[in-house]
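[1] from the sequence below, what's the structure:
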Amino acid sequence: NNFIKSFYSNTNVQTPDSKRNWNTFELLDKELVIVTFNSASYVDHLSNGAFLDSSDISELYLQHLVNTDSKLIIAAWHHDVFGDPGRWDFIGQDFVKNLADKGVDMILHGHIHRPLVSSVTYLATDDKSIPIIGVGSLCAKGSYLPDGVGRQYNAIELSDDLKTVRVHSRELFSGTNTFAPGRFLSGMPYKDIKISLKERRATMKITGGTTNFKIIEEIEKLTRDSMFEKALELIEGLPKEDREKSFVRIHHIRSLAKLKKYDDVVTIIHTPTSLEELTLLVESLFETGDLTRAENILNQNPNKLASEKDLNEMNAKLKVLKVIKNKK
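    Numbering: from 1, shown residues only. Next up is the predicted model:
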């Protein structure tokens, strides 16, 4: 802890808290927030496994992100997001989807030792995907570098309005001390990314101060542990304006669906705002036997939430249910 205080003492960046697994750094008059996580807390001489706890997201969200007015929020950690079967030194997409649900706009990570721009599509929010930027290694030895890849670093260029990002790759020329434009898998030395800044962030603030913060954190833990009855009890005890917030609403709908309270799911969703809500609404209408309304919703495909593949799958099930109903 003394080292951390000393390291940051001559900067204008707030000193991080070494006792927790995440920290925030506010830049550009708080318009930009960098959130850092320690994904290597379980790494030692016996294990290289990556780990991030979803409870850290809840804590970060309720203590900081829920009331931020920042334009752009970027999360960063060491390990990559995608992993091959048999690997356990990666984070996984669920953690990223959870962060996207809390308003994070972009992910930065290392570990793969090469530049990479990818994304994760998620369904629990109004947005469709979150960009993920991997970086090469500046210091790794040759045996730790991918074939054909030298030492590298990224330079990230933000537009003035924080809505677009250009990621530059810089690579060390073999046998020299000179860095030149590197290359992504596409062969280009840079990648342009358009950030889908989450307009809903302004609607994410909740009432009731720390009391409601603690309740919502408990709701997230209960739904994560499949304790839906207790979660529903807490949700329905919140003020109506908080129940209607997107991050509470989705837990409300999921809990009702898991408890097979399909009429209540239909009442709450009414007009779906995401593919997940559309799917839960149609499935609930299937369960209640209201096939006509389910068919109308699929034909309308409100806000173009569902892809052709999604619609085909749901319509196929609808067709089977119609046949069964007509035989009764």
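[2] CA only for contacts and neighbour counts going forward, please
    OK.
[3] list the contacts of the longest strand seen in the chain.
    Criterion DSSP state E: the longest strand present in the chain is strand 164-172. Identification of contacts with strand 164-172 by Cα atoms under 8 Å, 6 or more residues apart in numbering yields 115, 150-159, 178-184, 189-195.
[4] now which of the residues you listed would you call buried?
    The neighbour count (16 or more other Cα atoms under 10 Å) marks 115, 150-154, 181-184, 189-191, 193, 195 as buried among the contacts of strand 164-172.
[5] let's verify residue 247: helix, strand, or coil?
    helix (DSSP: H, G, I helix; E, B strand; the rest coil).
[6] typo on my end, residue 34
    strand.
[7] inside strands: which ones of the buried ones among the contacts of strand 164-172?
    Filtering the buried ones among the contacts of strand 164-172 for strands - DSSP E - leaves 152-154, 181, 190-191, 193.
[8] what is the nearest of those to residue 27?
    Nearest to residue 27 among those: residue 154, at 19.0 Å, using Cα to Cα.
[9] can you tell me how far the nearest residue to residue 151 once chain neighbours are set aside is from residue 155?
    Distances taken as Cα to Cα, 6 or more residues apart in numbering place residue 138 nearest to residue 151, at 4.9 Å, with adjacent residues excluded. Remark: distance between residue 138 and residue 155 (Cα to Cα, to the nearest Å) = 12 Å.
[10] residue 88 and residue 14: what is the separation?
    Counting by Cα to Cα, the gap from residue 88 to residue 14 is 33 Å.
[11] what does residue 263 give?
    On the measure of Cα to Cα, residue 263 and residue 14 end up 49 Å apart.
[12] and residue 295, by the same measure?
    54 Å.
[13] between those two, who's got more neighbours?
    residue 295 (18 against 13; other Cα atoms under 10 Å).
[14] you'd agree that one is up against residue 318?
    Yes: using Cα atoms under 8 Å, residue 295 is in contact with residue 318, at 7.4 Å.
[15] ok, the residue nearest to residue 142 when sequence neighbours are not counted to residue 89 distance?
    Leaving aside its sequence neighbours, residue 142 sits nearest to residue 150 (Cα to Cα, 6+ apart; 7.8 Å). Separation of residue 150 from residue 89 (Cα to Cα) stands at 22 Å.
[16] likewise residue 265?
    Where residue 89 is concerned, residue 265 sits at a distance of 38 Å (Cα to Cα).
[17] now the strands: where do they sit in the stretch 1-150 of the chain?
    Applying DSSP state E, counting those that start in this stretch to the stretch 1-150 of the chain gives strands spanning 22-27, 32-37, 72-76, 106-109, 116-121, 129-134.
[18] now the ones you listed as TSV including distance to residue 167?
    Output for the strands of the stretch 1-150 of the chain, formatted as TSV (distance: least, Cα to Cα, whole Å):
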stretch	distance to residue 167
strand 22-27	19
strand 32-37	16
strand 72-76	14
strand 106-109	11
strand 116-121	9
strand 129-134	8
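[19] make CSV out of the ones you listed and add mean neighbour count, mean pLDDT and distance to residue 100.
    Converted to CSV, the strands of the stretch 1-150 of the chain look like this (neighbours: other Cα atoms under 10 Å; pLDDT from 0 to 100; distance: least, Cα to Cα, whole Å):
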stretch, mean neighbour count, mean pLDDT, distance to residue 100
strand 22-27, 18, 89, 16
strand 32-37, 20, 92, 13
strand 72-76, 21, 93, 10
strand 106-109, 24, 94, 8
strand 116-121, 16, 82, 9
strand 129-134, 21, 89, 7
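[20] out of the ones you listed, which comes closest to residue 327?
    Going by Cα to Cα, the one of these nearest residue 327 is strand 116-121, 39.7 Å.
[21] which pLDDT value goes with residue 307?
    On pLDDT, residue 307 comes in at 80.
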